[in-house]
Structures are given as C-alpha cells and as structure tokens.
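Asks: Attaching a predicted model along with its sequence, questions to come.
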There are 2 protein chains.
Amino acid sequence: MRDKVAVIGVGCTQFGDLFEKSYEELICDAAFEAYADAKIDPKDIQAAYLGTYLPGPGGGKSATSLGDALRLYDRPISRVENYCATGTDAFRNACLAVASGTYDIVLVVGAEKLKDRPGRGLPRFGHPLLAKGNSAPGLFALAANRYMHTFKIGRDVLAKVAVKNHYNGARNPRAHLRMEITEEKVLRAPIIAWPFGLFDCCPTTDGAAAAIVCRADWAKRFRDDFVLVKGVGLAVTAGRPYFDPTFDYLGFRSTQQAARQAYEMAGIAPRDVDFAEVHDCFTWTELSNMEDLGFCAKGEAGYWVKEGRTWLSGDLPINPSGGLKSFGHPIGASGVRMIYECVMQLQGRCGERQVKNAEIGLAHNVGGPGAVSCVVILGLPS
Amino acid sequence: MRDKVAVIGVGCTQFGDLFEKSYEELICDAAFEAYADAKIDPKDIQAAYLGTYLPGPGGGKSATSLGDALRLYDRPISRVENYCATGTDAFRNACLAVASGTYDIVLVVGAEKLKDRPGRGLPRFGHPLLAKGNSAPGLFALAANRYMHTFKIGRDVLAKVAVKNHYNGARNPRAHLRMEITEEKVLRAPIIAWPFGLFDCCPTTDGAAAAIVCRADWAKRFRDDFVLVKGVGLAVTAGRPYFDPTFDYLGFRSTQQAARQAYEMAGIAPRDVDFAEVHDCFTWTELSNMEDLGFCAKGEAGYWVKEGRTWLSGDLPINPSGGLKSFGHPIGASGVRMIYECVMQLQGRCGERQVKNAEIGLAHNVGGPGAVSCVVILGLPS
C-alpha cells in the first residue's frame, strides 16, 4: 500500500469541555475544515469512516450520525471501533479502501463526547477479576511501577514528560489544557494511582478530527504539498496483557508488532522518523512507547527525556502537539487528531510548535489497555 | 474490486438460545469450521474483521475477543459496527483490505449474544421523539401499514412470507426456529405491532458465522469451487428515515443505493441474480427488499409471493436458508451468515434446501432501521 494513498486535507476542532457543542456539530467542524483544507466539494467524497469508541448516552452514535451531520447520503459509511486505537484504525481502514481501488476519495472522522456521560463514565472491562474499580490509571500504573523499579527511574522523569507536553500544548491553539506546568507542580499533585499524580494523566476531553485521503496519483489535483501514507500497522495481542504470563510489564508487544508492520510497509527504520505523536495517556506510557516503537532501547527512554532529546528542539521531538496529556484524549478522535498533527507538521503549518525540517512523521495509538496498537507513518513525497 | 477477492471457506454455528455457549466459544465454533472448510492453517490468516453490534453486558466484546478466542495474536483485527448491517459491512471491509493488496488472506467473523442481556434488551434510539418505547417492530410496522394500504395487500400475503421462510428453515439444521408453520397460525398469533403478529417477526438469537476471503489469484490453492466476490455496496441515508419528509414509507433508499453500487461493480442486472438472502427482520421487509433490490417493481412483490415465485422451486428463491425469520438474527452474525448461505448454495452443499443451478447469489442487510443497507453479490467463476 506504500505511497498509494495521500492525505489531501485535515481538520480538527478545539479540544476541551465542549458542553455547548453536540457530537454532530463537532463532526461538522472537523469535516468542514478538512473540506476547506483540501479545497474539495463534499459531493466528491465517495465513502467515509467514522472512528468512535463509545456509543452516545442514548445510543446510536454510529454511521448515520456522520451521514446526518454532513448530509453525506447514499454513500458507504462504516464505523470502526478499536478501543483507544479507534481513530488510527479508522484512518487505516480508509486507506485500505482507497488502496483497493474501490473509492478514489474517502473521508475519515474521529469523534467523541466524553463529558456528556454523567454518572456513567467509561465502561468497566468485562473480566470478573477487573470488574471492581480497575481503571486505565490503575492498569497502566502497574506497568509503570515495574518499569520504574527495573530501570531505576523516579517520578521526576515522568514529570519531565508532562512538563514537555504541556509546554508544546501551550503553543497549540486547539489543545484542551493550554498551560505550561513545572516539574514541582506535577510532583506535588494529588496521586491518582501511584506513581501517577493528576498531571501524569491525560484529561477527559470532547473533540473531533478529520482527514481526507485519496489515491496518490490524484493528490496533485488538490494541492502540491500533499502527504503520503507510507505505512500502517495494527496488532492485537492478549486481550488482558496483565494476565498474560509472558507479559514483562515493561512495554506492549502490540505496539512493537504494529510498528514492525508499519516500518516494513514504509521501507524505513525507526531512526528515519523525524517526529512522532505517541499515545501518552499517562506520562509513563510515552516512555514505553518510545522504546516499543524502536526509537531507543528498552530502559533508555528516561535518559532521552532527561537529556531533553524529545523536546521540540531535540533530535526526536515527541508529541509536538502536546500529546494526549495536553491536547486531550477524546478517544475515537485522538488517532485522527494525530494524523492532523503529523500532516500539519510535515506541511510546516504548526507555528510556535513547528518541528524543523520534518520529512517523516509517525502516529501511534495504544488501547485495550495495552492489547491493541495502531501505527501510521506519513511522509512527504520524495 | 470485482473478481479480485474470493471466499475460500465459511462456517456457521447453530443459531438459537445458546445460554450454554460463551461469545468466545461461538467465535471459535464458526471460525474453526471456516478454517477446516478452507483447509487452512490458522497461522496463515493475516488480518481479521469482527462484526458485532452490541458490546457485551460487561463491555469489551471487541477486537480482543476475537484475538483471544482464536489466539490470533500480533495481527490486525478491526471491529466494524453498522447497525443491523454490521455483518455484511464487516465482510465488505475485509474484501477491501484484500483488494488493497495489503493482506492476502483475511478472516471475517460476525458474532452476537442477544440472549445474555437480561433486563436490558436492545438500546433505545437516541432521538427524543423515539425515546418512549419505539422499537424495531413499531418502526417497520409504520411502513408496512402504509405499503399495505397503498398496494392493497392484506396480512395473508405477509403470512405467506413467514410460511415460506419457516418451510426453508425447517430444512436447515443450523436454524433457530426449525419448524414449519401454517398461514392460519401466523394470522392468529398475538399482535406485536399491527400488522405484525408474533410470526411476522424474526426471533432474538445467539450465533456466529465466519468467512475466509483471499486474493482471487490464490483461491485455487485452497479449493476448486471457490466463490468470487462480484460486487459490494453500502449506503447510508437519513438516520431517521421516518422523519425524512421525502420518505414514502414504501421501501428504503439505502437498499436501492447499496444495490445500485453492487450491481454496477458486478456488471450485472437484478435479473441475473439466481437467489437472494435478504433482511427479513419482519415479513413485510422481505417484500420491500425484493422491490428495493430491483427484483420486481414497487408493489409487485406481493404478487410474486402469492404466485409462489420466491419458494425454493420458484424462479427467484428468496431466503432459502429460512432467513432472519427462521434462521434467526444475531445482529452482527446475520450478514456473515448470509455470506455462508450464499457460498454453500453456490457450491451445492445445502441438501434439502438447495437452490438448483445457482450461479449468482445476493446477500442483503438493512439496519438503522432503514437508514443503512449493505449488499454483497457472490458468484461462481465464469
């Protein structure tokens, strides 16, 4: 599929507590920005994918929500759901649909309203052992503790990830938490699940993002600075990695496998990546992701962070957008938002948070928690 | 995409009240039958799609359920959801993935446990106007009444659809309601939503079905009697067709549009179809589907039924499997179960319910209700 599909337009709403916007309004805001960005007439969209994780409070937030919001009728619209990797997997399926030759131009929208779920929150996981109050912070914390013990790193290293991502997010007008924070503030925050304090956790966010993909040989009709889809990968491992006796609690095989697929398709190595948007649902996750994606060896990410190598000015900027930590994490939207960020960075449109001279960007979602990962590699035409 | 993808194996569980089987066991039963049918080693499956509509009572019935049930790890698995068209749309996406050249062999499983939802049932639709007790029988009944008034047909014609589908289902060892019924029994049954009595409605069913698709040029390695995917179509219309002022209550534009796409891709006309598995969630729906799929003109389906043309021995057998009415309707499974039936019919493996000399079969799901339809056309290599 390498270089057969191009991104010709992207859009993203403001992320945040968007009680004043409906799910359908968020879809419109993101999609119409993408239409304008691609300078495309919506009637030329031949098919669409909706990435959304949770059905709405009243049910029914599925393909017809996208159709109704955009009056995108009489065409194929599929909903794809894959835990926290929903957004990137919806994008991946849209790319497969274009690469199949069946559709020339396809819209992908990721959208989620997490704030409109009073008293309900995220669903518990079905396993009886997990039914009593286990949550994403609790599960990721188990791995973070093991990792920190094994590699002898303290909470101060995790805090540096939060400080860096908030620094980037403060420079991102669409981010949910647009403020810089200090290491001291992170370390003194109330503990959610040790070692994670409040500022080690991404927020609960509403938002939507959109991308328009088309066959690569048509991309020039829309813009000169289109972006190519170089590789995609998706891997599912044991649904409860925490109960898998082979799990070392130091990282996620799903990410390693999805990355392997994507690098192989793209014909590149991890060192060829110029920047990455990775799934920093918690500060620790960014460290393990960096290693699982092959940017550094297991246990080394903490040193990279301490040396400032992942800052905007570093040799491998990670989460220039602010990441889930600061940009926010509306589940189905997050992956498509990463595509938005990668495309905007590659096109040099990111202002204060711009990564210099980037030619290859990588987007990465992990969900499940830990069981499912999706990786997308985007690049400028060579 | 025409003729680029082949079905090399299918499987289907017994449908019914399967309290003794878990969701994962149903997935295994269907997938292992498909593996055996294709004579394939499961390790050769490169990617998978899961069609499931409702998350399980405890949540989390998604891609990892398929991965865990089949130990299908380190590979891509996506969940596709599209109301009652979930199964056929999962199949359609699997076909796109193969046609893209990214994966050579892909597994599709549709699965649903509807009986394990005590006190919960199907979710209500989110629209405030629909929130008070409106249900699938109620909504389809509105259209059925209008249709019957317009075309002057009585409940006896609907009853003939039920009698025919139960006749076929009684000859299908996997069917949920394996019994013949009489027209009198249908007409005397308690009314659910006028004009639908109990026997005008499909049952609530547990079940799973599976299909293995591969690139058509590889199909001969697995079997000589493989089946080609000739065309697919999916169309989304207004999410609440019943509130669309252009809706005539006589049929569904989503089916008309999905059929148009599928016929165009297959390069055939409706008259070329030798038999069809259509979405008879209610007896009336089978009539409108026949017309929306172009088998006869609007208002004519009742005459076809009265003349017996849709029986196994007729010139266009409809639902030789017994349909949703008798085979059952485990939502995400139904569409894949239709693929199973079409493939088995084309291969002449249907015993007592075998359609004679069939070369082209059509599968059709409608969901939403009425807003989303998916059509798949399968055929023998010419």
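Replies: Here it is on my side, so go on.
Asks: When you work out contacts or count neighbours from here on, use the C-alpha atoms and nothing else.
Replies: Fine.
Asks: closest point of chain A to chain B, which residue?
Replies: A:S100 (3.6 Å; C-alpha to the nearest C-alpha).
Asks: I'd guessed that residue sits against B:R2; true?
Replies: No. Using C-alpha atoms under 8 Å, A:S100 and B:R2 do not qualify as a contacting pair, with a distance of 10.6 Å.
Asks: Compare the two (neighbour count), which wins?
Replies: A:S100 (23 against 20; other C-alpha atoms under 10 Å in any protein chain shown).
Asks: backbone phi and psi for that one, please?
Replies: phi -70, psi -10 (degrees, to the nearest 10).
Asks: which SS state does the residue most central in space within chain A fall under?
Replies: Centroid check for chain A by C-alpha atoms, centre = their mean gives A:G335 as the closest residue, at 3.3 Å. Three-state call for A:G335 (DSSP: H, G, I helix; E, B strand; the rest coil): helix.
Asks: What segments of the stretch 151-300 of chain A are strands?
Replies: A:191-193, A:196-197, A:206-215, A:227-236, A:275-277 (DSSP state E, counting those that start in this stretch).
Asks: quick check: mean pLDDT across the shortest one?
Replies: Strand A:196-197 shows an average pLDDT of 97 in the prediction.
Asks: thinking again about what came up before, worst average pLDDT in the strands of the stretch 151-300 of chain A?
Replies: Mean pLDDT, when computed for each of the strands of the stretch 151-300 of chain A, is lowest for strand A:191-193, at a mean of 93.
Asks: tell me which strands and helices that one is in contact with?
Replies: If contacts are counted by 3 or more C-alpha pairs under 8 Å, 6 or more residues apart in numbering or on different chains; DSSP states H and E, strand A:191-193 sits against helix A:136-151.
Asks: Show me the contact partners of the helix it packs on.
Replies: If you take C-alpha atoms under 8 Å, 6 or more residues apart in numbering or on different chains as the criterion, helix A:136-151 is touched by A:154, A:192-196, A:201, A:242, A:249-251, A:282, A:284-285, A:299, A:369.
Asks: Is it correct that A:I191 is in contact with A:G197?
Replies: Yes. The criterion here is C-alpha under 8 Å, and A:I191 meets it with A:G197 at 3.9 Å.
Asks: Those two: which has the busier surroundings?
Replies: Per other C-alpha under 10 Å, whichever of A:I191 and A:G197 has more neighbours is A:G197, with 22 against 14.
Asks: quick check: mean pLDDT across stretch A:69-83?
Replies: 96.
Asks: Sorry, slip of the keys, the one I care about is stretch A:169-182.
Replies: 98.
Asks: buried ones in that stretch?
Replies: For stretch A:169-182, a neighbour-count test (16 or more other C-alpha atoms under 10 Å in any protein chain shown) marks A:169-172, A:174-181 as buried.
Asks: That stretch: end-to-end distance?
Replies: Length of stretch A:169-182, first residue to last, C-alpha to C-alpha, to the nearest Å: 14 Å.
Asks: which residues are in contact with that stretch?
Replies: So stretch A:169-182 is contacted by A:12-17, A:162-163, A:166-167, A:205, A:320-323, A:325-328, A:352-353 (C-alpha under 8 Å, 6+ apart).
Asks: For the strands of the stretch 151-300 of chain A, give me CSV that also has distance to A:Q347.
Replies: Conversion of the strands of the stretch 151-300 of chain A to CSV gives the following (distance: least, C-alpha to C-alpha, whole Å):
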stretch, distance to A:Q347
strand A:191-193, 38
strand A:196-197, 35
strand A:206-215, 14
strand A:227-236, 8
strand A:275-277, 13
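Asks: ranking these by burial, who's on top?
Replies: strand A:206-215 (a mean of 30; mean count of other C-alpha atoms under 10 Å in any protein chain shown).
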